[in-house]
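**Q** next come a sequence and a model predicted from it.
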Amino acid sequence: MNKGKKEEKYYLHLDGLSVGYNGKPVIRDIEIGIRRGEIVTLIGPNGAGKSTILKSITRQLSLVKGQVVFDLKNLSDYSFRELSSRMAVVLTERLHPELMTCHDVVATGRYPYTGRLGRLTEEDERKVDDAMRAVQAEEIGNRDFNAISDGQKQRVLLARAICQEPDIIILDEPTSFLDIKHKLKLLSILRDMAKQKNITVVMSLHEIDLAMKISDRIICVHGDKIFRSGTPEAIFREDTIRDLYEIDNGFFDPMFGSIELPEIKGKPEVLVLSSCGTGIPVYRRLQKEKRPFAAGILYTNDVDYRLARLLASQVIWEEPFYEISDRAAAEALGAIESCGEIIDAGVTIGPGNRRMREILDAAYASGKCVKYRGPDM
Amino acid sequence: MSNHEISSYHAENLKRRMRYTAVFAVLAAVFLIVTVININTGNVDISIDKILKAVFLRSGTKDDLNIIWKIRLPRILMAAILGGALSLSGFLLQTFFENPIAGPFVLGISSGAKLIVAFLMILVVARHGAVSSWAMILAAFAGSLVSTGFILLVSRSVRNMSALLVAGIMIGYICTALTNLLVTFASDSDIANLHNWSQGSFSGMTWDNVLVGGIIIGAATVLVFLLAKPIGAFQLGEAYAQSMGVNVRQFRIALILLSSILSATVTAFAGPISFVGIAVPFLIKRALNTANPIVVIPATFLGGAVFCMISDLIARVAFAPTELEISTVTSIFGAPVVIFMLIRRQKGKR
């Protein structure tokens, strides 16, 4: 980080921070500046210390070294009461409140604003209702908190944080129990909070595909330090993710944000002929059946190519928008010869790839070729 | 904005308030009835109109007045005050340990208080003849804190609640053993006093006791009520409480001190009394269908008062003229409640 950048006034600044338990650092020398309204996501393998960092920001853990500066003031100089109206948290730990409805749990978010007896005003009530509506939890408002599902609990706790009306919200794995619909909902809520209300969001996520899509900045935690940090575009590259999570049995595709199992290695048994995505279901099935396969002839900008690259043991490719070269054609004919089975998943033929006609004819002539009839029901 | 939801909330709120009112009304009614029955029954039965005259007009026969004013009234009031204090102390410990089966008796806190008080009695009574209420309370408070300190030490390394309870029960046994040791080597005249007290009973209470107990417990109860809001926050766990602005460290210390003062005062006057601290808060929370401290704190106090008054009545009259230990009665009613709680908890776990 260069000098000029460092002098910028950050909203939340982790300054030379070492965090850990009982004075023993788990992660050292954290240097992160977060601007107001940014969404910052911590990613990294299990046990890397994402929660440790978040707990240090929320003052659940005392700092081992360095300081956290929040809105130009050292975090430890805030009283808990002062901080409570500015920082909200959604934690991973299990809650077992006694005899509390979901509405009651959400209403505790208004705690910093109520009087000594903790009575809610009309205004407080409205905010609680709004927050419950935002996470689509109105219909469970009167149910016992202990009787709802983990995913519902997460939504209720998010509503609780929302009606606390914070300037900054810290979330530790807020999506872990949510279904797809509510994951997307959560992320759009956080986006709205950040971009419309200028609320700063700091969280940890396991779903790197979601992290990539929502975050303004990604912080990779690995080993005893911040492994890398930057914009999602800079971080979500195949090699960074592979190194971060030490993946040796699969691949991350940054374009789709998807994780793929490794290819089945070996001499191809099956040749898949396809284009424009028709090959993908066939690849996946062969992958599951653990049969090595070849795929072709694919333009390198074809969506089939992106996946075949990760899953096929042999990819017969061609430069985009060129006519199919002799090299590619020869390779394909060779594969027709050597593979025991050929699957025609559907090939769109136009002037550019008209030589595919010739390849397909050869395939059918070999007697090994079958047409893919779509997924089994 | 939908008015529908706000009004549905209002309906819910109204329903809750009606329930609270009903519970308080029932408790108050039982309180009054038990008070009357308590004054009314005993070796000498006194009719209700005589009681009313004696209490409000101070008129009646000299014997009746004496029995009512010098014996029964202070005893009833003390049973009420101490019962309330004991229940409240249990409620605070349950909040502190985030477990409904914590209480001053099971955690060995009452026994710790008993040990130090016994020590004080033997030491002082032999030389000066009598111990003041304040000294007794102070000794009990010291003993409570020692036991609590042990429990806290154990709770640091044991996160498991049942292990913690076992540790508490063991501390209770150790303290009781040491108390018995003291009693064995004390001279006979000391023991007579000590023996009565250590059995646990509301008998022999004076107006002086009521005054001292009332002041301490009254003050502590007011302080507890002022802590109602952070107690509510703490019910969501330490981390959330902190994020709601509670200074958890200070709060925990306040909780321990207040629960120790309450249970120590009880022990100083009436000896260790079992199960009230667990059973009453549990029953009250079910009755109110909430754990909200704003209502639970006063209701627990009132409930504890009623529970102990009834227990004392039973202790007095069940096998009259022989009087039972108060713990005999509270255990018979309280222990099944605890077992019921344990079974429910086990079922509640998924």
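**A** Right, received. Where do you want to start? Numbers count the residues shown, from 1 in each chain, chains lettered A, B, ... in the order given.
**Q** quick one: pLDDT of B:V295?
**A** B:V295 carries a pLDDT score of 95 in this model.
**Q** could you do B:V222 as well?
**A** 97.
**Q** now it: phi and psi?
**A** With angles defined as degrees, to the nearest 10, B:V222 sits at phi -60, psi -40.
**Q** how many neighbouring residues does it have?
**A** 10 (other C-beta atoms under 10 Å in any protein chain shown). Placement of C-beta: from N, CA and C, glycine included.
**Q** same deal with the one 10 residues further on?
**A** Taking other C-beta under 10 Å as the criterion, the count of residues near B:G232 is 25.
**Q** if I look at the residue lying closest to it once chain neighbours are set aside, how far off is A:T41?
**A** Excluding the flanking residues, the one nearest B:G232 by C-beta to C-beta, 6 or more residues apart in numbering or on different chains is B:P293, at 5.1 Å. Note on B:P293: its distance to A:T41, by C-beta to C-beta, to the nearest Å, is 37 Å.
**Q** same thing with B:W207?
**A** From B:W207 to A:T41 the distance is 68 Å (C-beta to C-beta).
**Q** can you map out the strands along the stretch 151-300 of chain A?
**A** A:168-172, A:200-204, A:217-222, A:225-230, A:251-253, A:258-260, A:270-274, A:293-299 (DSSP state E, counting those that start in this stretch).
**Q** circling back: contacts only, for the residue nearest to B:G232.
**A** B:T95, B:L227, B:A228, B:K229, B:I231, B:G232, B:Q235 (C-beta atoms under 8 Å, 6 or more residues apart in numbering or on different chains).
**Q** looking at the residues you listed, which one is closest to A:K213?
**A** Among the contacts of B:P293, B:Q235 lies closest to A:K213 (C-beta to C-beta), at 36.6 Å.
**Q** what about the closest one, neighbour count?
**A** Neighbourhood size, B:Q235 [other C-beta under 10 Å]: 24.
**Q** that one and A:D104 touch, don't they?
**A** No: the criterion here is C-beta atoms under 8 Å, and B:Q235 misses it with A:D104 at 9.8 Å.
**Q** surely A:I27 is in a helix?
**A** No: assessed with DSSP: H, G, I helix; E, B strand; the rest coil, A:I27 is strand; it does not lie in a helix.
**Q** nearest residue to it other than its sequence neighbours?
**A** A:G49 (4.6 Å).
**Q** what strand or helix carries the residue sitting nearest the centre point of chain B?
**A** Central residue of chain B (C-alpha atoms, centre = their mean): B:L86, 1.1 Å from the mean position. Assigned by DSSP states H and E, B:L86 belongs to helix B:73-97.
**Q** now the stretch 151-300 of chain B against chain A: closest residue?
**A** B:G245 (3.2 Å; C-beta to the nearest C-beta).
**Q** okay, now that residue: neighbour count?
**A** Neighbour count of B:G245, defined by other C-beta under 10 Å: 18.
**Q** mutual contacts of B:Q235 and A:D104, please.
**A** A:P97.
**Q** how many neighbours does A:S313 have?
**A** 17.
**Q** hmm, it is touching A:V270, no?
**A** No: the criterion here is C-beta under 8 Å, and A:S313 misses it with A:V270 at 10.0 Å.
**Q** common neighbours of those two, please.
**A** A:P292, A:F293, A:A294.
**Q** any idea how far A:S313 is from the first one?
**A** For A:P292, the distance to A:S313 under the criterion C-beta to C-beta works out to 4 Å.
**Q** now for these two: what residues contact both?
**A** A:E263, A:I264, A:K265, A:G266, A:K267, A:P268.
**Q** hmm, back to that, mind checking what secondary structure the residue of the stretch 151-300 of chain B closest to chain A has?
**A** Assignment for B:G245 (three-state DSSP): coil.
**Q** hang on, isn't it packed against A:R81?
**A** Yes: the pair B:G245 / A:R81 is scored as a contact, 3.9 Å apart, by C-beta under 8 Å.
**Q** what touches both of those two?
**A** The contact lists of B:G245 and A:R81 share A:P112, where a contact means C-beta under 8 Å, 6+ apart.
**Q** and the residue of the stretch 201-350 of chain A closest to chain B?
**A** For the stretch 201-350 of chain A, C-beta to the nearest C-beta, closest residue to chain B: A:V202, 13.6 Å.
**Q** what bits of the stretch 101-250 of chain B have low per-residue confidence?
**A** B:126, B:129, B:158-159, B:161, B:187-193, B:195-196, B:198-199 (pLDDT under 70).
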